[in-house]
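A.B. asks: Below are the sequence and a predicted model for it; my questions follow.
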Amino acid sequence: MHKDRALWVSLAFLLLAFAAFMLRQTGGIGWIPGCAFRKLTGLQCPGCGMTRATYAALHGNIGDAFRLNPVGMVLLPLALVGLGIEVLGWVRGRPLPFRLNVGRWGAAVIALVMIVFWVGRNLW
């Protein structure tokens, strides 16, 4: 059972490593499709700029990454750590003794921050 889980995690890791490798290339990110929401409405979604921000961060341009999507650059690493903890617990077959559990209020605060960011980035 654990071997099947480890296989899925290994495949996901390889896919993420490939994506990071592709973003790390100096040829740019022109091969990645743009934001469908922005194409349809002309407005930026809360995630707009995250691909370019990730590209900038992988190239060591942390300032540019935060300029492109500051909220995403704070939440993405936290989400990845939380996901990693959950995946490790899943592979082990039992949860780890610690988790990043934000709870109902934390989720509400994150949602509120995202909504304010979404509206604000389209007004300013």
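C.D. replies: Yep, that arrived.

A.B. asks: so where does residue 114 fall, helix or strand?
C.D. replies: helix 103-123 (DSSP states H and E).

A.B. asks: Now do that helix: which elements does it pack against?
C.D. replies: helix 70-92 (3 or more Cβ pairs under 8 Å, 6 or more residues apart in numbering; DSSP states H and E). (Glycine included, C-beta is placed from N, CA and C.)

A.B. asks: hmm, who's touching stretch 83-95?
C.D. replies: For stretch 83-95, contacts defined as Cβ atoms under 8 Å, 6 or more residues apart in numbering pick out 1-2, 5-6, 9, 12, 96, 98-100.

A.B. asks: buried sites along it?
C.D. replies: 85, 91 (16 or more other Cβ atoms under 10 Å).

A.B. asks: Mind checking the pLDDT average for that stretch?
C.D. replies: Stretch 83-95 shows an average pLDDT of 85 in the prediction.

A.B. asks: Only alpha carbons, please: show that stretch as CSV.
C.D. replies: Taking Å, rounded to 0.1, in the frame of the first residue of the first chain, the C-alpha atoms of stretch 83-95 are listed here in CSV:
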residue,chain,number,x,y,z
LEU,A,83,0.8,20.2,1.2
GLY,A,84,4.2,18.6,1.8
ILE,A,85,3.3,17.8,5.4
GLU,A,86,0.0,16.3,4.3
VAL,A,87,1.6,14.2,1.5
LEU,A,88,4.2,12.8,3.9
GLY,A,89,1.4,11.8,6.3
TRP,A,90,-0.4,10.2,3.4
VAL,A,91,2.6,8.2,2.3
ARG,A,92,3.3,7.1,5.8
GLY,A,93,-0.3,6.0,6.2
ARG,A,94,-0.8,8.2,9.3
PRO,A,95,-0.7,11.9,9.8
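
A.B. asks: Thanks a lot, see you next time.
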